[in-house]
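Colleague: Any chance you can model this:
(chains A, B and C)
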Amino acid sequence: MRRTRVLAVLLAALAGAVVLSVTVGAKTVPPGEVWQALTAPTGTENDIIVRSLRVPRTLIGVLAGVALGVAGALMQGHTRNPLADPGLLGVTQGAAFAMVASIILLGTSTLYTYIWFGLAGALVASAGVFALGMAGGRGGPTPVTLALAGTAVSAFLYALTSAIVLLDEQAMDVFRFWQAGSIAARGADAVWQVTPFVLAGLLLAAFNAPGLNALALGEDVARGLGQNVNRTRAVGVAAVTLLTGASVAACGSLSFVGLIVPHLVRPLSGADHRWLLPYSGLVGAALLLLADVIGRVVAPPGELEVGVVLALIGAPFFVALVRRRKPVRL
Amino acid sequence: MRLYGPSRPRAVAVTLTGLALLVLLMAMNMRIGDIPMSLAEVLRATVDAGDPGHFVVMDLRLPRALTGALVGAALALAGAITQAIARNPLASPEILGVTTGASVTVVAGVVASGSAYGGASGLLLSLGIPALALAGGLAGAVTVYALAWRQGLDGYRLVLVGIGVAAVFTNIKYWLLTVGDVNDTTRAMVWISGSLNGRGWEHVAPVALALSALIPLTLLGARTLDALRFSDDTVVSLGVRVNRARGLLVLAAVLLAATATASAGPIAFVALASPQIALRLIGSGRPPLLASAVLGAVLTAAADLIARTAFSPVELPVGVVTAVLGAPYLIYLLVRLRGKGR
Amino acid sequence: MRLQAVDVTLGYGDRVVVDGLDLGIEAGTVTTIIGPNGCGKSTLLRALGRLLKPSGGQVLLDGKRIDRLPTREVARVLGVLPQAPSAPEGLTVADLVARGRHPHQTWYRQWSSSDADAVAEALAMTGLSDLADRPLEELSGGQRQRAWISMALAQGTDLLLLDEPTTFLDLAHQVEVLELVRSLHSSAGRTIVMVLHDLNLAARYTDRLVAMRDGRVVAAGTPHEVLTEELLRKVFDLEAKVIPDPVAGTPLVVPVGVRH
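Modeller: As a prediction, this is how the structure comes out:
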């Protein structure tokens, strides 16, 4: 079957990206020594690089890439809007605001605590947007109300964040690096913090896929097919929130991955979300890791943040794709 | 959804109410500041060049307030056109490459000139930055336009290309912000948030010129915008030359956004929210043009009043306040209108 | 009674479209709702298909309140095809029809041989087997409409609600769709409720006509009982002659002019 073959190809691509990510860097560690470092570490320099830097960095890259790719596909499916990125529901700006606020209010300074605050901010903002979308009407939120409420809340929170960082230089210094997006130096702690949320989000996303297929035919058809539209939306929003919240809290605003990956994948998967979601996750992770690897080698001795590399490589590719074929409408 | 143009009486009512509100806000902007003045004092200072308040009103407050109102109107009009053409309520001149192009150029300029650049005033700020912004904005727009053009300008392709280009610019901007000294970063942030601080007549003129030339042109194109809400096949059958009409309207939006951004920076949210607020107040099928422009001016003028006075003596960039002010109102409208089943 | 509306009040937001309406649909009949634009036909059909919750009264499916039954259970008995549905681009006919199996699938059992059989049968019944792999947007209007009906058939319900299944179709395709509806009825004894605009086709292909105006039922019965010159005046403000259809003998409406 064609779709299974594509899945295998994408899995192989991700595996290749993982290998590159653990071997390439300021110091190249050959795959053989990587293997040795993982199975029988002897405390050499390479062992330390691999075990404490490269592996956590790769893991967090895979987690964030999968999460953002899937979240982007979910978001565009639910809103039927190609402009929808996973941060649309206020998740990204909620995380940013909570982190910045925690810096000036509590003087928190370790990455570990930022992540918790970021996650909490993402969850609260998204729940608020969903509640606003529900308010007033008798039915559930419509995609347009949801998208506009999300944009408005995001703009509101971004304004507050800007005000804080303009008044507080320390907060500005943290914020600008978070904003650029990076998966470097996150450490094993961050991996453990993020993993449960990403897994929960992926589970909900898998659960959401068939319902989203029904919803793609319009709300009336979906109801006619026995789909509970409001519950499907709620599950979708919960999944997007968990996935995006976890990744932006840990890696900064990389929601561009979620925006473009579904557009890249749709020609391969067609309109079936049961394929679109896994494809998007795999491509998202592979893309994020590749961008990160490129960022490590292009500007020695320094590194370029993965967010910048992603945009510089991903966007032209995306634009070329949009130009070459007729874009698939949602 | 109403299929034909905006409901006239409501559109007129909203526009007039907006104008009245704008006059009121302008008057308050004249009166309030470090030196509070009564309306009579303001008027006297305006006509009498020898009055001690003349400088404050004519050289500081009036040009600043006018810049704010005009920039707000221009951004909102650009937003209304963009949303109508993209048939997407989330679209704003950002996807035309203008604001993001201007931002990245200005940030690059500020970071590159670094500490040698001097204080937050000086020649570079008054002339260099607007020029950089205008050049960057237009270059961004040309990039998007050229990449999106393929035997015509498809609204959907324009949106997708626009996201891609905007993403590149935005991420380069984020990266540049991490490269420079944190002081430069803060200074650049003030500009990219949109600020009216220290704006004089030289900032008023270009926007006023652009608006007076482009408002009539866009209003002529209103019929096209009505038609563009349908599929391209329908539009052609309605006798509209789609590509030329769409191209001209996009050009108008680009010029409006570019001049506005050059004068005051990419003030956030005005271009996106004003058309959506106007649309919901009037209940038309697409964002109304004049009402959007007036509401954009009102939003920006009100935001500037707050930005100047709320945390005095510290001044916030106006773009921080537009969202704080506009977002809750838009949300309120969304919630209220849902109750009415609209 | 398969499906029954009891004193239902329907509307959108504050606007009431249908006020206190009663209607019963008998098993194994083809019923068509007719009436002028905006009379509440589609609103009523949406309520019968539980797409719209009545603000007053209730809809009964086999004697049970439809809003208290699990929606998935309802979807295995009752299929609804709304007016002018839209599908995402790139969806093939087979994909669309397969989505009709949604109510029969569970999260862990996405596809079974019975699903495949139902889809193949639905495609065959609508004459679309050869077009199964074509994307929907490449089809003609008539084929596309048949694809949607095919999706509703794959749902495997013996009760079908169709909202203007013939809009945008030329006369030949309209007849084709209605012949299909008729055959669904005669071969499988399905109960069908539709909204149609063409009175002559409605008269020809239905057992019962329901004429509505301003949210109320003005007349209901066989085409002969309902389609009278007096009723056309009352419901459509239309002056018309009603003569027997030379082919089927059903009433044929020949318009004279509109009353002002």
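Colleague: What's the nearest residue in the stretch 51-200 of chain C when you look at chain B?
Modeller: In the stretch 51-200 of chain C, no residue comes nearer to chain B than residue C:89, which is 10.4 Å away by Cβ to the nearest Cβ. C-betas here are computed from N, CA, C, even on glycine.
Colleague: I'd assumed residue C:95 was in contact with that residue.
Modeller: No. With contacts defined as Cβ atoms under 8 Å, residue C:89 does not count as touching residue C:95, sitting 11.8 Å away.
Colleague: neighbour count winner among those two?
Modeller: Per other Cβ atoms under 10 Å in any protein chain shown, whichever of residue C:89 and residue C:95 has more neighbours is residue C:95, with 21 against 16.
Colleague: does the one helix or strand the more buried one maps to come close to chain A?
Modeller: Of the helices and strands defined by DSSP states H and E, residue C:95 is found in helix C:93-99. Yes. Contact between helix C:93-99 and chain A, assessed by Cβ under 8 Å from any Cβ of the partner chain, occurs at C:95-96, C:99.
Colleague: quick check: mean pLDDT across that helix?
Modeller: In this model, helix C:93-99 has an average pLDDT of 92.
Colleague: got a list of contacts for it?
Modeller: Judged by Cβ atoms under 8 Å, 6 or more residues apart in numbering or on different chains, the contacts made with helix C:93-99 from elsewhere in the structure are A:213-214, A:217, A:225, A:270-272, C:87, C:115, C:119, C:122-123, C:128, C:131-134, C:136, C:139, C:147-148, C:150-151, C:154.
Colleague: which residues does the residue most central in space within chain C contact?
Modeller: Nearest to the centroid of the C-alpha atoms of chain C, with distances taken as Cα atoms, centre = their mean, sits residue C:162, at 1.8 Å. Residue C:162 is in contact with C:81, C:149, C:152, C:181, C:192-195, counting by Cβ under 8 Å, 6+ apart.
Colleague: After the helix or strand it falls within, which helix or strand is next?
Modeller: According to DSSP H and E, residue C:162 maps onto strand C:159-163. Proceeding C-terminally, strand C:159-163 gives way to helix C:171-188 as the next helix or strand, assigned by DSSP H and E.
Colleague: Tell me who's in contact with residue 269.
Modeller: Using chain A here. Per Cβ under 8 Å, 6+ apart, neighbours of residue A:269: A:3, A:6, A:275-276, A:279.
Colleague: looking at chain B here, not the other one
Modeller: In this structure, residue B:269 makes contact with A:155, A:159, B:319, B:322-323, B:326-327, judged by Cβ under 8 Å, 6+ apart.
Colleague: Identify the farthest-apart pair in the residues you listed.
Modeller: With distance counted by Cβ to Cβ, no two of the contacts of residue B:269 lie farther apart than B:319 and B:327, which are 12.4 Å apart.
Colleague: For these two, work out which one has more neighbours and name it.
Modeller: residue B:319 (30 against 24).
Colleague: Tell me how many other residues crowd the closest residue to residue B:303 other than its chain neighbours.
Modeller: Distances taken as Cβ to Cβ, 6 or more residues apart in numbering or on different chains put residue B:321 closest to residue B:303, at 3.9 Å, once the chain neighbours are dropped. Residues within reach of residue B:321, counting by other Cβ under 10 Å, total 27.
Colleague: and the residue of chain A most remote from its centre, helix, strand or coil?
Modeller: Note on chain A: the largest C-alpha distance from the chain mean falls to residue A:42, namely 35.2 Å (Cα atoms, centre = their mean). With DSSP: H, G, I helix; E, B strand; the rest coil as the basis, the three-state label of residue A:42 is coil.
Colleague: Could you pull up phi and psi at it?
Modeller: Backbone geometry at residue A:42, expressed as degrees, to the nearest 10, gives phi -120, psi 10.
Colleague: pLDDT value on it, please?
Modeller: At residue A:42, the model reports a pLDDT of 82.
Colleague: Quick check: which element contains the residue nearest the centre of chain B?
Modeller: For chain B, the residue lying nearest the average C-alpha position, counting by Cα atoms, centre = their mean, turns out to be residue B:75 (2.3 Å). According to DSSP H and E, residue B:75 maps onto helix B:62-86.
Colleague: other SSEs contacting that helix?
Modeller: Taking 3 or more Cβ pairs under 8 Å, 6 or more residues apart in numbering or on different chains; DSSP states H and E as the contact definition, the neighbouring helices and strands of helix B:62-86 are helix B:8-31, helix B:155-179, helix B:201-220, helix B:222-228, helix B:242-264, helix B:270-282, helix B:289-309.
Colleague: Let me have the contacts of residue B:269 in JSON lines, extended by secondary structure.
Modeller: Compiled in JSON lines, these are given as follows (three-state DSSP):
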{"residue": "A:155", "secondary structure": "helix"}
{"residue": "A:159", "secondary structure": "helix"}
{"residue": "B:319", "secondary structure": "helix"}
{"residue": "B:322", "secondary structure": "helix"}
{"residue": "B:323", "secondary structure": "helix"}
{"residue": "B:326", "secondary structure": "helix"}
{"residue": "B:327", "secondary structure": "helix"}
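Colleague: Pull up the residues of chain A that are close to chain C.
Modeller: A:80, A:138, A:207, A:210, A:213-214, A:216-218, A:220-221, A:223-228, A:266, A:270-272, A:274, A:328-330.
Colleague: What's the ChimeraX syntax to select whichever of those are buried?
Modeller: Typed into ChimeraX, the next command selects the buried ones out of these (criterion: 16 or more other Cβ atoms under 10 Å in any protein chain shown):
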select /A:80,210,213,214,216,217,218,220,221,223,224,225,226,227,228,266,270,271,272,328,330
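Colleague: Which of the helices or strands spans residue 147?
Modeller: No chain specified, so I'll use chain A. Remark: residue A:147 resides in helix A:143-167, with elements defined by DSSP H and E.
Colleague: Chain C is the one I meant
Modeller: helix C:141-154.
Colleague: hang on, the earlier thing: send over the strand holding residue C:162 as PDB, restricted to the C-alpha atoms.
Modeller: Listed next in PDB are the C-alpha coordinates belonging to strand C:159-163 (Å, rounded to 0.1, in the frame of the first residue of the first chain):
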ATOM      1  CA  LEU C 159     -34.200   6.400   6.900                       C
ATOM      2  CA  LEU C 160     -32.800   9.200   4.700                       C
ATOM      3  CA  LEU C 161     -33.200  12.900   4.800                       C
ATOM      4  CA  LEU C 162     -32.100  14.800   1.700                       C
ATOM      5  CA  ASP C 163     -32.100  18.600   1.500                       C
END
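Colleague: Going by residue numbers, what spans are strands in the stretch 151-300 of chain A?
Modeller: In the stretch 151-300 of chain A, no strands are found when defined by DSSP state E, counting those that start in this stretch.
Colleague: Show me what residue of it gets nearest to chain C.
Modeller: Counting by Cβ to the nearest Cβ, the stretch 151-300 of chain A gets nearest chain C through residue A:226, at 2.7 Å.
Colleague: What residues does the closest residue to that residue other than its chain neighbours make contact with?
Modeller: Sequence neighbours aside, residue C:75 is the residue nearest to residue A:226 in space, at 2.7 Å (criterion: Cβ to Cβ, 6+ apart). In this structure, residue C:75 makes contact with A:224-226, C:102-103, C:155, C:157, judged by Cβ under 8 Å, 6+ apart.
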